[in-house]
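In: Here you go, sequence then predicted model.
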Amino acid sequence: MRMDYRVEDGLMLESGVLLEDVNIAYCTYGTLNENRDNVIWVCHALTAGAELHEWWGDLLGPGKLFDTNKYFVVCANNLGSPYGTTSPLSINPKTKQRYGLDFPAFTLRDTANLIECLIVKLRIRSIHLLIGGSCGGNIALEMTCSLKNVVQHLALLCSSANENPWTIAIHEAQRIALRADDTFYKNENKTALSGLKIARALAMPYYRSAESFNFKQRDEDYNKTIDFKASSYVNYQGEKFAKRFDAHCYYLLLKALDTHHIGRNRGGLQNGLAQISNKTVCVGIDTDLFIPIIEQNFLAEHLPNATYAEIKSIYGHDAFLIEYEQITQIVQSFLG
C-alpha cells in the first residue's frame, strides 16, 4: 500500500538548512503485530522507489524472504527522489515554484534521518531485518549507526563504508553529461532528456560486467560493421531511464551519494564502523566493478559483529537486483 507522511516541522539538514514541510512516500506490505517488532525495513537503491514489489518482487510475498504472512515490510522513498518524497520536483514554499536546482544540498545521512522520522511515526519498536543494496545499503548503515538497538539484523548488499574516488569520478562524468545539455538549467519538468540519457548510458557498463556484455550483447553476425547489439543496449537503457526519471533529481542524488562516509564527524571510518555492533552480513558480488568486493570485505573486517558472504554472478553490480535465489539463501542463513 502506497502512503505519504508529512514531517510538518521539516528536516534539519547536515548543512544547517531547514527543509520545510517534508513529505515521505512509502509502501507497506503485511501487518504490523501488537509488539510492533515484526518489521523488515528495505532501503532502495539510488533510482528505485518505495514500490518494493516492482523491483524486488521475487523476494516479497508469502513464504518468500520478505514473508508478508509473518512480517510487516516497509520501504520508504529516498529524499530527493522523483517518486513521491520531497525533491527538486516539489514546490518551494518560499517561491511557490518548482525547486529544481535550488533544492538544498543534502547527504545520505539526511535521507537516513528522514526515514527515521517515519519509523517514529509508525511507532516501530524493533526492526527484525534492515536491508539495502548499493545506495540503499549505505543508507541502512547510516540508519543503524543512530538507531542502535532498534535494528536486530543488518544486511548490506554491494555497499561500502564510504564513497570511493572511483565511483565519485563516474558520478562526475555523469554530471558533466547532464550539465552539457543546453536545457539542464531550465527549471522545468522533463528537461535535459538528452543529458539524462547520456548520463545513464555512461554508467551502464559499470553496473554490469565485461562477462555479461560479452555473453548477452555479442553479435552473431561477424560481418557486421554497424548497429551492434551493445550499442543498441546502452541507447535503450538511456532512453528508458530518461522517460522515467528527472535530470535535477538525478544530479542531486549523485551528489548526495558522493557524501557517503560513515566516519564523518565520528572520528574516521574505523571509529564510525566500531559504533555499529549489530549482527551484520556484508554481501559482495564477485564481478562487481562499481563497488567491488574489497569494500564489503572492509566492512566485514571493521564492523564488530559482521560476516562476509558473496554472490557469484556474471551480472556485476546489478546482480543484487537479479540473483534472487542467492540473496534468499544468504540472508536466510544469516537470520538462522
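Out: Cool, the structure landed.
In: hang on, isn't Tyr250 packed against Gly195?
Out: No - at 9.3 Å, Tyr250 does not count as touching Gly195 under the criterion of CB atoms under 8 Å. Backbone N, C-alpha and C define where each C-beta goes, glycine included.
In: Correct me if wrong: Asn69 contacts Leu60.
Out: No - look at Asn69 against Leu60 with CB under 8 Å: they stay out of range, at 11.6 Å.
In: more neighbours, those two?
Out: Comparing Asn69 with Leu60 by other CB atoms under 10 Å, the one with more neighbours is Leu60, at 22 against 10.
In: The helix or strand harbouring Tyr236 - contacts with which helices or strands?
Out: Assigned by DSSP states H and E, Tyr236 belongs to helix 229-244. Helix 229-244 sits against helix 193-207, helix 210-216, with contacts defined as 3 or more CB pairs under 8 Å, 6 or more residues apart in numbering; DSSP states H and E.
In: shared neighbours, Tyr250 and Gly195?
Out: Leu178 (CB atoms under 8 Å, 6 or more residues apart in numbering).
In: can you pull the contacts of the residue most central in space within the chain?
Out: The chain has Ala45 as the residue nearest its centroid, 2.0 Å off, counting by CA atoms, centre = their mean. Listed by CB under 8 Å, 6+ apart, the contact set of Ala45 reads 132-136, 320-321.
In: Out of these, which sit inside helices?
Out: Secondary structure from DSSP state H places 135-136 of the contacts of Ala45 in helices.
In: TSV for the contacts of Ala45, including distance to Ala50 and pLDDT?
Out: TSV is the format used below for those (distance: CB to CB, whole Å; pLDDT from 0 to 100):
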residue	distance to Ala50	pLDDT
Gly132	13	98
Gly133	15	98
Ser134	16	98
Cys135	14	98
Gly136	11	98
Phe320	17	98
Leu321	16	98
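In: Quick one: buried ones out of the contacts of Ala45?
Out: By neighbour count, with 16 or more other CB atoms under 10 Å, those hold 132-136, 320-321 as buried.
In: now, among those residues, which is nearest to Thr328?
Out: Phe320 (12.2 Å; CB to CB).
In: does the closest one really touch Gly133, like I thought?
Out: Yes - using CB under 8 Å, Phe320 is in contact with Gly133, at 3.9 Å.
In: Quickly list what's touching both of those two.
Out: 45, 157-158.
In: Other residues contacting the worst-scoring helix or strand of the chain on mean pLDDT?
Out: Between all helices and strands in the chain, the lowest mean by mean pLDDT, DSSP states H and E belongs to helix 210-216, at a mean of 93. In this structure, residues lying in contact with helix 210-216 by CB under 8 Å, 6+ apart are 205, 230, 233, 287, 314-316.
In: ok, now stretch 238-249?
Out: 47, 80-82, 87-89, 99-101, 103, 178, 181, 184, 189-201, 204.
In: end-to-end on it?
Out: End-to-end distance for stretch 238-249, by CA to CA, to the nearest Å: 16 Å.
In: now the farthest one out in this structure, which residue is it?
Out: Asn223 (41.4 Å).
In: number of nearby residues for Lys94?
Out: Lys94, neighbours per other CB under 10 Å, totals 9.
In: For it, give me phi and psi.
Out: Dihedral pair for Lys94: phi -80, psi -40, per degrees, to the nearest 10.
In: thinking again about what came up before, what residues of the least confident helix or strand of the chain count as buried?
Out: Within helix 210-216, the residues that count as buried by 16+ other CB under 10 Å are 212-213.
In: now it, how far from the centre of its chain.
Out: For helix 210-216, the separation from the chain centroid amounts to 24 Å (computed by CA atoms, centre = their mean, to the nearest Å).
In: which stretches of the stretch 201-336 of the chain form strands?
Out: According to DSSP state E, counting those that start in this stretch, the stretch 201-336 of the chain carries its strands in the segments 279-285, 306-311.
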